[in-house]
Each structure stands twice: as structure tokens, then as C-alpha cells.
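Undergrad: fold the following, please.
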Amino acid sequence: MTNRNTFKQSGFTIFELVIVMTVISILAAPFVYQQIQQFEEDRIEITVAEINDLFQSAQGYAAEEGDGDWPSEVDNCASAITEMQNQGYLMSFSVTTPFGTNVTTSCTTGNGKRFIVTVDAVTQGNAELLDGYLPSSTVAGSIVTVSVPMPAAIPALLHLLPRDGSREMTGDLDMDGNDILNANQVTTETVLLNSIVTKGNACATNGLVARDNSGRLLSCVNGQWAGAEGTPAMMVAYFNSATCPDGWVVSNGANGTRDVRGTFVRALDLGRGLDAGRTLGTYQEDRMQRIQATARFVVEASRGVVGSTSGAFTRSSVTGAAPQGGSYPTSAGRYLHFDSALSTRTGPETNPKNVALLACQKQP
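TA: Sure, this is the predicted structure:
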């Protein structure tokens, strides 16, 4: 009797593997196609951006460095890319395109001069895609040629702002809503702030500057719009000037001010007792501290009134009744007068030495 061993095979046959790979390739085909399409679109977008960068740089060079000439115009702009890189108009620019080919430049001179960029897109399909994104372009097989004219504004030149600061800009700088960042210093005669904010309201970034509806300057401090500190509203100050400074008005009783014209300002007593009963802003008439005196007469029969006068006192030479309802012997025949003008400067009021200045009140 013969023993026979039976072996079983496990795993896939070649035929089965072929079927599996076929299914996988069918399922993966759309994904692969999509990735290929995305790759081509990315190459197109990068190439378009680089061509536009070349044009902008060439126009900037013509305005600032070339005095109306294209970069490297002496060799028909064949070395334009190198010239613009040397002068700082092209940063990190590669002459090799995403298609693995080189960018070439040229230009025309004379009337209607143009700057020309030529790109080999490898295939006609890529060239046609590029042509759709670039105005004033032509396609010949896989070669795309694009050109731009010298802007009409460039011949004037002097109104433009050169990068090296060699001359002043006399025209408008239209930033199209963009911000100027990292500027250490800006020198100008006037600045128009279009943003109108309200003092005390919240603000986004400390250091922002705006104005209120009256034109007063406000800045963002600790997340809140604030005015200039140091001079609080309603403060009264005196100026050696015929007019009040900006933000101040004459303190004459109008515009919510105190009328302090022609008067002296006295500190509020606040319970000290030197000027008791006064409240803030009350007016007080001028007055003089009370002065009292007594005059004594000595009458002798043989000599009449004995004594002498000085200072503000004078003795009358007229006989008569004593003034102010008083009385003395008529035999004296004389009486005394008191007049402060005889010994001091007098006027319609009592006041110290002073200087007249303009009183102004700070507005809120």
C-alpha cells in the first residue's frame, strides 16, 4: 500500500493579483488625474505670478533708475533680469520656470516701446492655459510671448517716488486701502484722519490715532480712545496772548465757561474759615477792611486849637459845625478832614499790584 501526501496551496494566484491591481488602478485613476491637474494648475499660477513680477519690476526700474528706459535697454533688455536683481528690483527671482525652462526678456525702443517676456511652457496645452491668464500674449506651439507698454505716466517721472530717496515725490501716492508698515519716520505738512471715533469707546490696538467729530486728536490707550492728558477739561488758565490756544475758549461766561474777566481768582475756602460760606464759582464784590480812628482836640482860650496834622489828615480853616453829625466847641473854629488820596494811590476799587492776561477755559 502506497502512502500519498496531499499538499494544499494558499494565497493568490497571478490571475487574481492582476484582477486586484486592475481594480485598484481603476479606483485610483480619478485621484491621480486630479493630482496631475492640480500640479499643472499650480505651475501655471506660479508662472503667471513670476511674469507679472517681472513686468512690475521693469516698470519700476524705468521710472526710478532708467529715467524712462527699460533695464539693460542697451542690449535690447537681454540682461534685464540680472540688472534688476543687481539694483534690488527682483528679490529671490529664478530664471528657471516651474516647467524647467528659462525665462528670456527683450524689449523694443522708440515710440511705443514695450518690455517682452518669453516662456517655454513645454507643451502647447500649457501654453494655451498661460495665454488665457495673460493679456497681450501670443502662442506659437509651446512658446508664450507676453509684453507690456511703458506706462503713460512714466515720462513725467518727477511725480514718482524713487527708492533711493534721490528726489522728492510731488504727486499722489495711491495705496488703494493698504497700510504703510515699518516706517521709522514720516514727514509731512498735514495728515487727514478719516476715522471718527468717540472718546471713551473701545479700540482694537494701542497706538492707533483717530479724531472725534470735532476734529480733536484721540489715541488708543489700553484699549480705549483717549484724548491728550495733562490739561483736564474745564481748567481755567491765563495766557499772554490776544487769543486762546486750540482747545481753549475765552472764560467770559459763554460756552459753559466761568466769567472771570477783570477779577481775581481766589482759592475755595473748603472749611478753613478765611472766606467762610463761599461755594464754587460764586462772585464776590470788592471791599476794604474796616478802619476806625479817634481824634482828640485840645482847646486853649489864648491859643485856639492846639496840635498839628499829617498824612491823610488836614485841618479845616473854615468855621462851622463838625462833619458827620459830631460836635466840638465853636471857639476852636477848626475841624479835621481825612482823605487817603493825600498819602496813597487810590482808585475805584481796592486791588493789589497785578498784570492783565487773557483767561481761557479748556474745552472737553
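
Undergrad: for the stretch 1-150 of the chain, which segments are assigned as helices?
TA: 14-64, 80-86, 124-133 (DSSP state H, counting those that start in this stretch).

Undergrad: make a markdown table from these and add mean neighbour count and mean pLDDT to it.
TA: Glycine gets a C-beta too; all of them are placed from N, C-alpha and C. As requested, the helices of the stretch 1-150 of the chain are arranged in a markdown table below (neighbours: other CB atoms under 10 Å; pLDDT from 0 to 100):
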| stretch | mean neighbour count | mean pLDDT |
| --- | --- | --- |
| helix 14-64 | 14 | 73 |
| helix 80-86 | 20 | 89 |
| helix 124-133 | 17 | 85 |
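
Undergrad: of all these, which one is nearest Gln361?
TA: Checking the helices of the stretch 1-150 of the chain against Gln361 by CB to CB gives helix 14-64 as the closest, at 52.9 Å.

Undergrad: can you tell me, leaving aside adjacent residues, what's nearest to Ser241?
TA: Leu358 (5.9 Å; CB to CB, 6 or more residues apart in numbering).

Undergrad: mean confidence score for stretch 235-253?
TA: The average of the pLDDT scores along stretch 235-253 is 93.

Undergrad: how does the protein divide into domains?
TA: Domain ranges of the chain: 31-149, 192-227, 230-282+356-364, per automatic domain parsing.

Undergrad: among those domains, show me which one is buried the most.
TA: Comparing the domains of the chain by mean neighbour count (mean count of other CB atoms under 10 Å), domain 31-149 comes out on top with a mean of 17.

Undergrad: make CSV from the helices of the stretch 1-150 of the chain and add distance to Thr198 to it.
TA: What follows is those, written out as CSV (distance: least, CB to CB, whole Å):
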stretch, distance to Thr198
helix 14-64, 41
helix 80-86, 49
helix 124-133, 47
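
Undergrad: closest one to Arg114 among those helices?
TA: Each of the helices of the stretch 1-150 of the chain has some distance to Arg114 by CB to CB; the shortest is helix 14-64, at 10.1 Å.

Undergrad: ok, back up a step: how much space between the residue nearest to Ser241 and Arg114?
TA: Plainly put, Leu358 is 67 Å away from Arg114 if you go by CB to CB, to the nearest Å.

Undergrad: now swap in Ala233 and tell me
TA: Noted for Ala233: a distance of 63 Å to Arg114, by CB to CB.

Undergrad: and what of Asp120?
TA: 20 Å.

Undergrad: contacts for stretch 257-271, please.
TA: Outside stretch 257-271, the residues within contact range by CB atoms under 8 Å, 6 or more residues apart in numbering are 236, 249-253, 275-281, 283-284, 351, 354, 359, 361.

Undergrad: just say helix, strand or coil for Thr344.
TA: coil (DSSP: H, G, I helix; E, B strand; the rest coil).

Undergrad: look at it and report its pLDDT.
TA: Looking at Thr344, the pLDDT reads 74.

Undergrad: in the protein, where is pLDDT below threshold?
TA: Along the chain, the model assigns pLDDT under 70 to residues 1-12, 15-16, 20, 23-39, 66-67, 151-184, 228-230, 291-338.

Undergrad: on that earlier part again, reformat the domains of the chain as CSV; add distance to Ser340.
TA: Shown next, in CSV, are the domains of the chain (distance: least, CB to CB, whole Å):
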stretch, distance to Ser340
domain 31-149, 83
domain 192-227, 51
domain 230-282+356-364, 21
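
Undergrad: quick one, which of those gets closest to Ala341.
TA: Closest to Ala341 of those, according to CB to CB: domain 230-282+356-364, at 22.8 Å.

Undergrad: the contacts of stretch 257-271 in strands, which ones?
TA: 236, 249-250, 359, 361 (DSSP state E).

Undergrad: ok, Val197 touching Cys203?
TA: Yes. Val197 lies in contact with Cys203 (CB atoms under 8 Å); the separation is 7.0 Å.

Undergrad: now list whatever residues contact both of the two.
TA: Trp225.

Undergrad: what are the boundaries of the strands in the stretch 251-364 of the chain?
TA: Remark: strands assigned in the stretch 251-364 of the chain by DSSP state E, counting those that start in this stretch are 298-300, 304-306, 313-315, 336-338, 358-362.

Undergrad: what about the domains of the chain, which gets the closest to Met21?
TA: Once the domains of the chain are compared by CB to CB, domain 31-149 is nearest, at 14.1 Å.

Undergrad: show me what Thr104 is bridged to.
TA: Under DSSP bridges, the beta-bridge partners of Thr104 are Thr118.

Undergrad: got a list of what it touches?
TA: 78, 117-118.

Undergrad: how close does it sit to Ala49?
TA: 18 Å.

Undergrad: columns distance to Thr138 on top of the ones in strands among the contacts of stretch 257-271, output as JSON lines?
TA: Listed next are these as JSON lines, based on distance: CB to CB, whole Å:
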{"residue": "Val236", "distance to Thr138": "78"}
{"residue": "Val249", "distance to Thr138": "71"}
{"residue": "Val250", "distance to Thr138": "75"}
{"residue": "Ala359", "distance to Thr138": "79"}
{"residue": "Gln361", "distance to Thr138": "74"}
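
Undergrad: just the residues you listed now: which is nearest Gln224?
TA: For the ones in strands among the contacts of stretch 257-271, the nearest to Gln224 is Gln361 (25.1 Å; CB to CB).

Undergrad: wait, that closest one touches Tyr238, no?
TA: No. Using CB under 8 Å, Gln361 and Tyr238 do not qualify as a contacting pair, with a distance of 10.8 Å.

Undergrad: circling back: nearest to Gly110, of the helices of the stretch 1-150 of the chain?
TA: helix 14-64 (14.4 Å).

Undergrad: which residues does the spatially closest residue to Val119 that is not a sequence neighbour contact?
TA: Among residues not flanking Val119 along the chain, Val144 sits closest, at 4.9 Å (CB to CB, 6+ apart). Counting by CB under 8 Å, 6+ apart, Val144 makes contact with 118-121, 127, 130-131, 134, 137-138.
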